[in-house]
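**Q** could you look at this predicted model? Sequence included:
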Amino acid sequence: MLPKTSFAHFWKGLGHIASHAAITLMALAVAFSVPTAASYVLFNWWPKVEGDARALLYTELGFAAVLVLLFNLVKLAWDFRGQARMSNIASLIYARENDDWLSRWGKEKQFRRLPWQRDVNIMAVTGYGTFSAPDSPLRDILQQYYEIRVMLLNPGGPGAAAYAAAHADPAATLMNLRREIRTSVDSLRQLQGAGKNVTIRFYDAPPFWKLIFTGEYVWVRCCHNSRDTDKFPEYVFALQPTKPNRGFFPAFYTYFLNCWNNSTHPEYVFDTDELVHRDAQGAEIRRERLPGFSADAIESFPELGVCPN
C-alpha cells in the first residue's frame, strides 16, 4: 500500500506546482496589460468621449458599475476569508447536508481519497449502514485496514431500550436494531477470519454521535434518538499535526478513547458469541450471550437495514 500512497502524494505535489504556475502566469498577464490599457484609455478612448455628453455619461455609468462589482467582490473575498479562517481553526475540511446520490458519491470519493492507514475506529448505533450493508461506504474500504476497532450499542442494555422507546413502535425498533447489530457482527467476523485484528465493544448509554476515525480524519454525524440519521449534517474534521490541540478532532478522539477504555463496556468474543464484562482492574466479572437473532431468523426478515447507522 505504501507505493500507492507515495504515488498519490506525487500527483498532489504536481497539482500544487501547476496551481502556483497558473497564478504566476495570470499575475504576469495582468501586469503587462495594465500599461497597454492605460495608454488606450488616455490616447484613444478619452479624446472620443470628452466632447460627447452621452458617451461620457455611459462611460461614467459603466465605470461606476465596475467599481460596485469590484467592491462587492472584495467584500465577498473578505467574508470568505473569515469563514475559511474559522473552518481552519475548527479543522473542518468537508461537510454535507443532503443525502442524494450526488452527496453520497462525493462522500465515497472522499473516503477513497484518504491515505491508507493501518487502523480504523468506528462508533455507531448498529453499524449496518456504515460497513455491513451491501451499499455501505466502508464495506470494501475496511479490507485495506489491519486493525479495526468498533463500538456498537449494546442491544440488551438500557441505552437500546431508551433508544427504542423514543420511536413510534419501540418493539419493532428494538427488533430491527438487534438484527442489524447481528449482521454487523457477522460482517466483522468475516474480516477477522480474513486475518484482520478486529475488536468489538458495546456501550450502554443512548447513542448521540456516529464517529469514524480514519488516520488523521474523523467523520462526525449526530444520531440522537433517530433512526433516520440522514437528516443530520455530516462533518469531517482533520488533525493538524503542527497544532494537535486545535480543532474538533482531538475532542472527538478523546471522547472515543474514554468510551473505548471504559471498563463498564463489555467486549465481544467471536469464538463463544459472548459479551465479557470486566471490573476497573480488567478482571473478568461475568459473561452473557449477545442478544439478537440467529442466522436463520435474520434471513427471514428481508426488510433488514431500515436505518443507515
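**A** Right, received. Where do you want to start? Residues are numbered from 1 along each chain as shown.
**Q** what distance do you get for Phe208 to Tyr255?
**A** Here the distance between Phe208 and Tyr255 works out to 10 Å (Cβ to Cβ, to the nearest Å). Every residue, glycine included, has its C-beta placed from N, CA and C.
**Q** ok, those two, which is more surrounded?
**A** Tyr255 (15 against 12; other Cβ atoms under 10 Å).
**Q** my guess is that one contacts Trp209, does it?
**A** Yes - here Tyr255 reaches Trp209: they are 7.3 Å apart, a contact under Cβ atoms under 8 Å.
**Q** so the residue nearest the centre of the chain, which of the three states?
**A** With distances taken as Cα atoms, centre = their mean, the residue of the chain nearest its centroid is Trp219 (3.1 Å). The local conformation at Trp219, judged by DSSP: H, G, I helix; E, B strand; the rest coil, is strand.
**Q** for it, which non-adjacent residue is spatially closest?
**A** Using Cβ to Cβ, 6 or more residues apart in numbering and skipping residues adjacent in sequence, the residue nearest Trp219 is Ile212, 4.1 Å away.
**Q** and for Arg287?
**A** Glu274 (4.6 Å).
**Q** what's near enough to touch that neighbour?
**A** Applying Cβ atoms under 8 Å, 6 or more residues apart in numbering, one finds that Glu274 lies in contact with 268, 287-290.
**Q** give me phi/psi at it?
**A** According to degrees, to the nearest 10, the main-chain angles of Glu274 amount to phi -130, psi 160.
**Q** how about it: which residues does it bridge to?
**A** Per DSSP bridges, the residues bridged to Glu274 are Val269, Arg289.
**Q** from Val185, how far off is it?
**A** Taken as Cβ to Cβ, the spacing of Glu274 relative to Val185 amounts to 12 Å.
**Q** common neighbours of the two, please.
**A** Residues touching both Glu274 and Val185 (Cβ under 8 Å, 6+ apart) are 268, 290.
**Q** please enumerate the helices of the protein.
**A** Assigned by DSSP state H, the helices in the chain fall at 2-40, 46-49, 53-90, 101-113, 158-165, 170-193, 249-260, 295-299.
**Q** tally of neighbours for the closest residue to Tyr217 other than its chain neighbours?
**A** Once its chain neighbours are removed from consideration, Tyr217 has its nearest residue in Ala238; the separation is 5.3 Å (Cβ to Cβ, 6+ apart). By other Cβ under 10 Å, the residues close to Ala238 number 18.
**Q** which non-adjacent residue is nearest Ile285?
**A** Leaving aside its chain neighbours, Ile285 sits nearest to His277 (4.7 Å; criterion: Cβ to Cβ, 6+ apart).
**Q** near the one you found, how many other residues are there?
**A** Using other Cβ under 10 Å, His277 has 15 neighbouring residues.
**Q** distance check, it against Pro266.
**A** Note on His277: its distance to Pro266, by Cβ to Cβ, is 5 Å.
**Q** same check, this time on Ala21
**A** The span separating Ala21 from Pro266 equals 57 Å under the rule Cβ to Cβ.
**Q** what about the two, which has more around it?
**A** Neighbours were counted for Ala21 and for Pro266 using other Cβ under 10 Å; Pro266 has more, 24 against 10.
**Q** quick check: pLDDT value at the residue lying farthest from the centre of the chain.
**A** Relative to the mean C-alpha coordinate of the chain, counting by Cα atoms, centre = their mean, the farthest residue is Gly51 (63.1 Å). pLDDT recorded at Gly51 is 71.
**Q** domain ranges for this protein?
**A** Each domain of the chain is listed here as a residue range: 2-90, 93-299, per automatic domain parsing.
**Q** what's opposite Val236 in the beta bridge?
**A** The partner list for Val236 in beta bridges (DSSP bridges) reads Tyr94, Trp219.
**Q** the residue nearest to Asn262 when sequence neighbours are not counted: what's it in contact with?
**A** Here the nearest residue to Asn262 in space, its sequence neighbours aside, is Tyr203; by Cβ to Cβ, 6+ apart that works out to 7.7 Å. By Cβ under 8 Å, 6+ apart, Tyr203 lies in contact with 123, 151-154, 157, 159, 259, 262, 265.
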